[in-house]
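> Here is my input, please return the structure:
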Amino acid sequence: MAAFNIQEALIWKEKIELVIDQHQESLIANSNKAYVSFEYKSGMDDERAASSSDRDSQCSDQGDEEENHRTLLRRTTIGNGVPESILDWTQDDSDLSNQNNSNQVFSRKHWRLVQCQNGLRIFEELVDVDYLPRSCGRAMKAVGVVEATCEEIFELVMSMDGTRFEWDCSFQYGSLVEEVDGHTAILYHRLQLDWFPTFVWPRDLCYVRYWRRNDDGSYVVLFRSREHESCGPQPGFVRAHIESGGFNISPLKPRNGRPRTQVQHLMQIDLKGWGVGYFPSFQQHCLLQILNSVAGLREWFSQTDDRLAVPRIPVMVNMTSDTLSSKKNKKAAGTSAHPPSLDQMNNASRNSVLMDEYSDDDDEFQIPESEQETFPEKLENDNKRPALEEEAAEPIDLSCFSGNLRRDDRDNTRDCWRISDGNNFRVRSKRFCHDKTKIPAGKHLMELVAVDWFKDTKRMDHVARRQGGAVQVAMEKGLFSLAINLQVPGSTHYSMVFYFVTEHLIPGSLLQRFVDGDDEFRNSRLKLIPSVPKGSWIVRQSVGSTPCLLGKAVDCNYIRGSKYLEIDVDIGSSTVANGVLGLVCGVITTLVVDMAFLVQAISIDELPERLIGAVRVSHVELSSAVVPKLEPDLSATEAKYAYK
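All right, here's what the predicted structure looks like:
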């Protein structure tokens, strides 16, 4: 009830579990017997109400429970639990999935490979069941890999609107019959089957659907037919019966930076009708058509460049109206959900609605009406002339620059930084205003020469004045530098400063106009593209990878010197950013974070976008920060106009 989205629900869950853990620890300190009593009473729920992710909480007897109580997990209920009539076929795979064998998540004793089609493996159950009618064949399931996140696939699977026509060839119509609870609903579904439609009547279904999200990030969706007084037989349709079915959506390790998910779709269905038992080919053809929806999911995502926001907890009553296309329109209007953080749950802002108002808005792009018709010709001519912002011909000597955070270009290193490949980030292409395409960013405009990791009892502003620092060294060599100072508030203030240098600024370039522009222009253009390639799921979802206009999201103070520009980014000025930062700081030693900085292009002449620079920071230790020795600061007026 209190959760705005899935991430917020997880935060509530963690909070509640923390209280339970603290209570259990206090009981352990007093008496082992007391702990066993508490654990026994809290585990009295029916076994069907336990999440599959809590399978380790099962114990063989009370003696084992007393011996292994420190490693037990709490038993949790999802909604009202799995309905009694539904067979949770995913539980059969728990033993093998515990072994992280994600490519073979079923038991060879019960399944055999029947065929491969459309990039899917089709399996048939080997166990014969006597009580089923002849017209109901063995259970079959399709297994495939989809390049998308579990959340995106889950949202698509739960849809029963027009979007389903784009990936499910067996879908004709669907509607909500009754919402039982937030995880269980009764649905009506008409099948679109193409096996001699002139002679064979169409089939429809009335079934209960249950879903849950496991702690490992996987989703389970279960089906089984159920009669309902509001959904009787329909004229012109034969009512089919689902004996068991659903989806098991499990995350896989990313490949080449792209998310990968294994999707299993199981179906055991009795299509009814007088001829089904006599024409096995009809049953098999229709079943394969239903299972082929996994291939439809894969193709749908492979042809879709956009990645939607993390779905909210599904509301059954809105199921038929909240389409994916409408959510894309909402995104174009500039609203997308942002997950809250642990710190936000502890302060007065916990009730605020967290919307990403400052993300990169593709619809801000400006095309003058006079140029719209001549754009293709103008684009072709622009491609023939050299860009203003090309790299310096001679490389910069980096040996004279140093920061207190060391550079290490090796993989799997800790408490260090390295330059991140620009091709890991996508920016607006030369044709962006024409077709909204984005391209790998490529080479940076400026060279990242050093990173400082500071701490102090107060906020550290204007760190460029530090004697011996990278900015001062660059000035001595006649180089121009850009210092980006990310200020982290708290009882101890931290600052991570990135120093970018270049030989000189190209007159008339977008970067030069940004450096010499006013604060309003800078705030509207400075863009950050974040990414967390390594870290916990909740942190990766909280940080995300959506470009953000820093000057609109948080307070930025710009200090222009004779040969430098320093940008002090006060992360504590935003409740959302400060909350997410509180979540990140708690696990910062486990994170690998990529950040790219650029100036946003909003007109044809400014395209394509180019990165100022990009950095990867790996497993930073708070203890490695040092207290800087800063020279007395100039007045605000002197600092702002010192370069004139």
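
> drop to CA atoms for contacts and neighbour counts, all remaining ones
Fine.

> Report pLDDT for the residue nearest to A470 when sequence neighbours are not counted.
Nearest non-adjacent residue to A470, counting by CA to CA, 6 or more residues apart in numbering: F401, 5.7 Å away. pLDDT for F401: 92.

> Name the SS class of F401, please.
Under DSSP: H, G, I helix; E, B strand; the rest coil, F401 falls in the coil class.

> again, but for L288
helix.

> what do you get for T589?
At T589 the chain is in helix, as set by three-state DSSP.

> Now do the end-to-end distance for stretch 180-189.
Start and end residues of stretch 180-189 are separated by 17 Å (CA to CA, to the nearest Å).

> now do stretch 436-443
21 Å.

> Give the buried residues for it.
Across stretch 436-443, burial judged by 16 or more other CA atoms under 10 Å covers 438-441, 443.

> Same question for stretch 397-414.
Those would be 401-405, 407-408, 414, for stretch 397-414 by 16+ other CA under 10 Å.

> ok, now stretch 413-422?
Result for stretch 413-422 [16+ other CA under 10 Å]: buried residues 414-422.

> State the mean pLDDT of it.
93.

> what residues does that stretch touch?
With CA atoms under 8 Å, 6 or more residues apart in numbering as the test, stretch 413-422 has contacts from 405-409, 440-444, 448, 451, 589, 594, 596, 611, 613-621, 624.

> Now do stretch 163-172: distance from first to last residue.
End to end - CA to CA - stretch 163-172 spans 11 Å.

> D605 falls within a helix, correct?
Yes - per three-state DSSP, D605 lies within a helix segment.

> Could you check how far it is from K438?
On the measure of CA to CA, D605 and K438 end up 16 Å apart.

> that older thread, return the member of the buried residues of stretch 436-443 nearest to P489.
Proximity of those to P489 (CA to CA) peaks at A441, which lies at 31.4 Å.

> Do you know the pLDDT at the closest one?
91.

> how far away is it from V539?
For A441 relative to V539 (CA to CA), the value is 25 Å.

> try R298
Using CA to CA, R298 is found at 26 Å from V539.

> Please, which helix or strand holds V143?
strand 140-146 (DSSP states H and E).

> so for that strand, what's the average pLDDT?
Average pLDDT, strand 140-146: 93.

> Buried ones in the following helix or strand past that strand, by neighbour count?
Per DSSP H and E, strand 140-146 leads on to helix 150-158 as the next helix or strand towards the C-terminus. By neighbour count with 16+ other CA under 10 Å, helix 150-158 contains the buried residues 150-151, 153-157.

> what helix or strand does G551 sit in?
Going by DSSP H and E, G551 is in helix 550-553.

> brain fart, P533
Judged by DSSP H and E, P533 forms part of strand 526-534.

> what helices or strands is the helix or strand just after the helix holding G551 leaning on?
Using DSSP H and E, the helix or strand that follows helix 550-553 in sequence is strand 555-560. Secondary-structure packing of strand 555-560 (3 or more CA pairs under 8 Å, 6 or more residues apart in numbering; DSSP states H and E): strand 564-570, helix 636-641.

> and G469, how many neighbours?
19 (other CA atoms under 10 Å).

> got a list of what it touches?
G469 sits in contact with 401-403, where contact means CA under 8 Å, 6+ apart.

> With R610 instead?
Going by CA under 8 Å, 6+ apart, R610 touches 427, 441-445, 598-599.
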